[in-house]
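Colleague: Return a 3D structure for these sequence lines:
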Amino acid sequence: MNSPAEIPFNSFIEIDRNAETAIYLQLANQMAKAIQLGYLPIGTKLPGTRQMSTIFNLHRNTIVASFQELEAQGWIEIIPNKGSFVLNQTTQKFQKIDTNQTYNINSYSDETGFTFEKSFLLDHPYENFTQRLYLTDGTVDPRLAELKIPAKLYSTILKRKSSVRKINQSQNDYFLSHLTNYLNLTRGLHLSKNNILVTRSAEISLFLTARILLKENEFVAVSNLSYYKSNMIFQTQNVKIKQIKTDENGINTSDLRQICEQFPIRMLYLTPHHHYPTTVTLSSERRIELVNLSKEFGFVIIEDDYDFDFHYSNHPILPLASTDQNGMVIYTGKFGNYLAPGYRVGFLIAPQNFIEEAKKHLYILDQQVDPFIEQVIGEMIDEGEIHRVLKKLRKEYKERRDYFCNNLLNEFENQLSFTLPKGGLAVWINWNIQLNLMQLKTDAEKYDLHIPQTILYQTHQIIGMRIGFAHLTFDEIDEIISILKKCIAKQLNSIKSLI
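Modeller: From the prediction side, this is the model:
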């Protein structure tokens, strides 16, 4: 057993007097960690509180409080008139502490002591940036998010006596009923509550679907220009992805047929309402052909209603799921994208037997729900607040779309081409000039503008960008287009100087 005087406490315990954690707790926590690591072996008699106060230059009362905390946690035993002793917490054989070595147990290890396989497919596609201005692939303006109505409702709901009964509910029937009715009315669906599963995000819904349906080395069809997140999710299942050509009418069904004749396609993923990234809407003829191909070749259609709520015409095209009679379409999406983040949910719509299976997986992954948030959303739907919020935002985003597109035409003339999107929050731009988009990204940063790599599409055939407009004010649009014009002019002048 070590004599207390031999223990080099200052070599493995460090007190941060500026930290928010109380000093007595810092000392207790680090002493407990030292016991776990074997720096203080079983049976070690600790120095007295007066001696410890001298060692750490702390008030004796702080040491007493720390020892009491250690005793309460079961790390030491305080025996009156004898001292404080380290208790046996484990059968681990401790090594005697090396008094000549300095230890730091005030930080967590940076590296694991074991090996594991890293996924490069899931490397985060977003980049940290410090620029004041930034582009996106099409996101709402957080400054316009509706905050007051849900906050007021939430406060009111918490004060109701009936709310207490809802705390332990796994699903709020009131919310689910109104969400189901809302989706039926806005999307021409024919759902019951048994056909819908609510998740925290559209990506979780898609992940559950891929996890249930896909096996290793099965074939998944996606458009040749497609959503990077969905591709990342599919690749976690070790599947083989086949790309289908797209054009101004959406995914090319003739090319899809040829692929289906060569490979046993298990699943087709598409965003038919506003195709990601090109924003085009799948034509009515191709919708019918897709349903027929699905029936003929037996593949599942995963229909993502990306940006469905943001349409700028009076008659949005209804989803494939609204006409599915064969149970081959699984419909995923996001509700409340225009609300504050805590009030947004994802949903998964499918035949009842698939929903029941998905519930099993969701129960393991994410059992927790907030019944009060669900009640807020249900009441906003019931009272028509969702409709009023959306109507207001559609008007604002339509004005931003028109202003952005008019400025593009005025400033770049024949240098680019695009089709005015009928909905969504972004514009797909094809550059008609030779540009290095990564160089454009680098040059823009010098003017305080961040361009994420995920919105850039450059191949031998395509020089394209998906640029979001909804998160930008008119003044920000003016400034960003001015920066882009400077950066592009710089590139073109550099090319001319080399000729």
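Colleague: Low-confidence ranges, the stretch 301-450 of the chain, go.
Modeller: Low-confidence segments of the stretch 301-450 of the chain, defined by pLDDT under 70: 314, 368.
Colleague: Identify each of the strands in it and give its residue range.
Modeller: Under the criterion DSSP state E, counting those that start in this stretch, the stretch 301-450 of the chain contains strands at 329-335, 345-349, 416-417, 426-431, 449-450.
Colleague: quick one, which of those is nearest to Ile13?
Modeller: strand 449-450 (43.6 Å; C-beta to C-beta). Using the backbone N, CA and C atoms, a C-beta is placed for each residue, glycine as well.
Colleague: Contacts for the closest one, please.
Modeller: Strand 449-450 is contacted by residues Glu127, Phe129, Gln131, Arg132, Leu133, Tyr134, Leu135, Ala444, Ile480, Ile483, Leu484 when judged by C-beta atoms under 8 Å, 6 or more residues apart in numbering.
Colleague: Nearest to Leu191, out of the strands of the stretch 301-450 of the chain?
Modeller: With C-beta to C-beta as the criterion, Leu191 lies closest to strand 345-349 of the strands of the stretch 301-450 of the chain, at 6.4 Å.
Colleague: and the longest helix for the protein?
Modeller: Of all the segments of type helix in the chain, defined by DSSP state H, the longest one is helix 385-412.
Colleague: gap between Cys260 and Ile301?
Modeller: Cys260 sits 12 Å away from Ile301 when distances are taken as C-beta to C-beta, to the nearest Å.
Colleague: Against Asn224, how distant is Thr49?
Modeller: Computed with C-beta to C-beta, the distance linking Thr49 and Asn224 is 73 Å.
Colleague: same deal with Ala72?
Modeller: 63 Å.
Colleague: do the same with Asn430
Modeller: Relative to Asn224, and taking C-beta to C-beta, Asn430 is found at 15 Å.
Colleague: now swap in Gly424 and tell me
Modeller: As for Gly424, its distance to Asn224 is 19 Å (criterion: C-beta to C-beta).
Colleague: Now do whichever helix or strand Thr62 is part of: distance to the chain's middle.
Modeller: Secondary structure here is read from DSSP states H and E; on that basis Thr62 sits in helix 60-72. Once both centres are worked out by C-alpha atoms, centre = their mean, to the nearest Å, helix 60-72 turns out to sit 43 Å from its chain's centre.
Colleague: any weak-confidence spans in the stretch 51-200 of the chain?
Modeller: Filtered on pLDDT under 70, the stretch 51-200 of the chain yields the residue ranges 89-108, 120-126, 163-171.
Colleague: Phi first, then psi, for the residue of the chain positioned farthest from its centre.
Modeller: Among the residues of the chain, the one whose C-alpha is farthest from the average of all C-alpha positions is Asn81, by C-alpha atoms, centre = their mean at 58.4 Å. Summarising the backbone geometry of Asn81 under the convention degrees, to the nearest 10, its torsions are phi 70, psi 0.
Colleague: And the one 5 residues further on, by the same measure?
Modeller: Main-chain dihedrals, Val86, degrees, to the nearest 10: phi -70, psi 130.
Colleague: just checking, it touches Ile35?
Modeller: Yes: the pair Val86 and Ile35 passes the contact test of C-beta atoms under 8 Å, sitting 5.6 Å apart.
Colleague: residues shared between the contacts of those two?
Modeller: Trp75, Ile76.
Colleague: what about the residue nearest to Gly342 when sequence neighbours are not counted, how many neighbours?
Modeller: In space, and not counting its chain neighbours, Gly342 is closest to Ile373: 6.4 Å by C-beta to C-beta, 6 or more residues apart in numbering. For Ile373, the count of nearby residues is 20 (other C-beta atoms under 10 Å).
Colleague: got it, and Thr21?
Modeller: With other C-beta under 10 Å as criterion, Thr21 counts 9.
Colleague: Now for it: which residues touch it?
Modeller: Contact partners of Thr21, counting by C-beta under 8 Å, 6+ apart, are Asn29.
Colleague: And it, how far from Ser109?
Modeller: With distances taken as C-beta to C-beta, Thr21 is found 20 Å from Ser109.
Colleague: Of all the strands of the stretch 301-450 of the chain, which one is nearest Asp247?
Modeller: That would be strand 426-431 among these, by C-beta to C-beta, at 12.4 Å.
Colleague: Can you tell me what sits against the closest one?
Modeller: Around strand 426-431, the neighbours that count as contacts under C-beta under 8 Å, 6+ apart are 136-138, 277-280, 401, 404-405, 408, 415-421, 462-470.
Colleague: The stretch 101-250 of the chain: helices as residue ranges?
Modeller: Using DSSP state H, counting those that start in this stretch, the helices found in the stretch 101-250 of the chain span residues 148-159, 173-187, 202-213, 228-235.
Colleague: For Pro341, which of those is the nearest?
Modeller: For those, the distance to Pro341 is smallest for helix 148-159, at 11.1 Å, taking C-beta to C-beta.
Colleague: Now do the buried residues in that closest one.
Modeller: The neighbour-count criterion (16 or more other C-beta atoms under 10 Å) identifies Ile149, Pro150, Leu153, Tyr154, Ile157 as the buried residues of helix 148-159.
Colleague: Hmm, the third one is touching Met380, no?
Modeller: It stands for Leu153. Yes: Leu153 lies in contact with Met380 (C-beta under 8 Å); the separation is 6.8 Å.
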